[in-house]
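J.: Sharing a model prediction with you, sequence too.
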Amino acid sequence: MADTDFRTWPAHGSNFEHSDRKWMTPAGRFNRGFTSADQSNGEQPAANQNTGMPAFSLADHLPEMIVDAIGEWAVHLRPQSWRLRRRALSRFAEAFADQFVALNPALSDEEYESLTEIGYTCLLEKLDDGQPISELDQAHCYKRSVHDEHRFAADLFIEMSAPAATIH
């Protein structure tokens with residue numbers, strides 16, 4: 001188990017045999033969100049535009065059953081504020097990892113932490129609509145993503161939102 005890449009586990013390898021193999025079939029879907037009106041008109045995006053969509057989706061490597069569950073969480077969270085989404089993302093990430101621990105109790109702390117990051121990012125991918133980051137709680141959510149594009153957009157928003165220092 002030590003050589004297993006747990007960012008894609010269990011879809012790409014596990015020594016745990018599950019009685020129902022159907023849940024192990026990768027979904028193969030890709031959630032790139034929506035294109036903004038600026039992008040479709042050929043105009044330059046705003047400086048904080050969330051145009052750097054991830055080159056890959058973690059959900060593509062997860063079983064369809066799990067992707068459907070992530071989608072259900074996303075449907076319930078979309079109408080909520082980013083402040084509430086931020087708390088729910090953290091709770092979902094732990095529940096996501098706990099499900100894998102239930103299947104394989106021998107997971108190390110590092111593997112568990114990796115699974116929480118995957119769960120967090122998978123749900124964030126579903127909530128990502130490709131629009132500019134518009135508030136600080138949203139930026140903090142994106143900052144925790146495993147995708148460089150999400151973190152870059154978050155850093156850019158936080159930098160632009162920081163109060164300007166005045167020199168007297």
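T.: Looks like it arrived, so ask away.
J.: Could you use CA atoms for every contact and neighbour count after this?
T.: Fine.
J.: longest helix of the chain?
T.: With secondary structure taken from DSSP state H, the chain has its longest helix at helix 82-103.
J.: Specify the next element, helix or strand, located C-terminal of it.
T.: Going down the chain from helix 82-103, the next helix or strand is helix 109-127, by DSSP states H and E.
J.: Pass me the low-pLDDT residue ranges in the chain, would you?
T.: Low-confidence segments of the chain, defined by pLDDT under 70: 1-56, 60-61, 164-166, 168.
J.: one more time with 50, if that's ok
T.: Within the chain, the stretches with pLDDT under 50 are 1-48.
J.: Could you pull out the helices in it for me?
T.: Using DSSP H, the helices of the chain run over 37-40, 64-77, 82-103, 109-127, 136-143, 148-161.
J.: For C141, which non-adjacent residue is spatially closest?
T.: Leaving aside its chain neighbours, C141 sits nearest to R86 (5.9 Å; criterion: CA to CA, 6 or more residues apart in numbering).
J.: Run a quick neighbour tally on the one you found.
T.: By other CA atoms under 10 Å, the residues close to R86 number 21.
J.: Just to check, it is in contact with Q138?
T.: Yes. Counting by CA atoms under 8 Å, R86 does reach Q138; the two are 7.3 Å apart.
J.: could you give the angle of the longest helix of the chain to helix 136-143?
T.: Using axes from the mean of the first three to the mean of the last three CA atoms, to 10 degrees, one finds that helix 82-103 and helix 136-143 are set 30 degrees apart in direction.
J.: Noted, bye for now.
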